[in-house]
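>>> Provided below for reference: sequence and predicted model.
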Amino acid sequence: MLIVLRENIPELYDAVASRNESAIKKFAMKYFLQNHKQQFEFKQELARIEADPFNPENQKKISEQIKLKNVQANFELAMEELPEVTKFRLSVASLMNLMFSLLS
């Protein structure tokens, strides 16, 4: 798991490898805030699109959202069908839970 972490999230790997609790907390907070910001921006964008769904630019965005939902659905299906992907996801989720527990 640490090899995957080192390759995908080097900042977090360095914090974990050095057992630097403040760096882990900093990363977790940064991750939490970034995720929260993305969710907020997505909701704002969705509200703008829903306000004028017949606008050609909004139609393109609606099409992109449909494509994204299809990709997400395919990813979820792959998660069910490929246990190694599920293992990786669970490992990352476990790591994130650990980070958030350190913030408490």
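Noted; the coordinates are in hand.

>>> Looking at whatever helix or strand residue 76 lives in now, give me its mean pLDDT.
Using DSSP states H and E, residue 76 falls within helix 56-81. Mean per-residue pLDDT for helix 56-81: 86.

>>> Kindly report the same for stretch 40-52.
Rounded mean pLDDT across stretch 40-52 is 93.

>>> who's in contact with it?
Contacts to stretch 40-52, defined as C-beta atoms under 8 Å, 6 or more residues apart in numbering, come from residues 58, 61-62, 65. To be clear about C-beta, it is placed using only N, CA and C from the backbone, and glycine gets the same treatment.

>>> closest to residue 12 among those residues?
Distance to residue 12 across the contacts of stretch 40-52 (C-beta to C-beta) is lowest for residue 65, with 29.6 Å.

>>> The helix holding residue 76: which residues count as buried?
residue 58 (16 or more other C-beta atoms under 10 Å).

>>> Quick one: distance of that helix to the chain centre.
15 Å (C-alpha atoms, centre = their mean, to the nearest Å).
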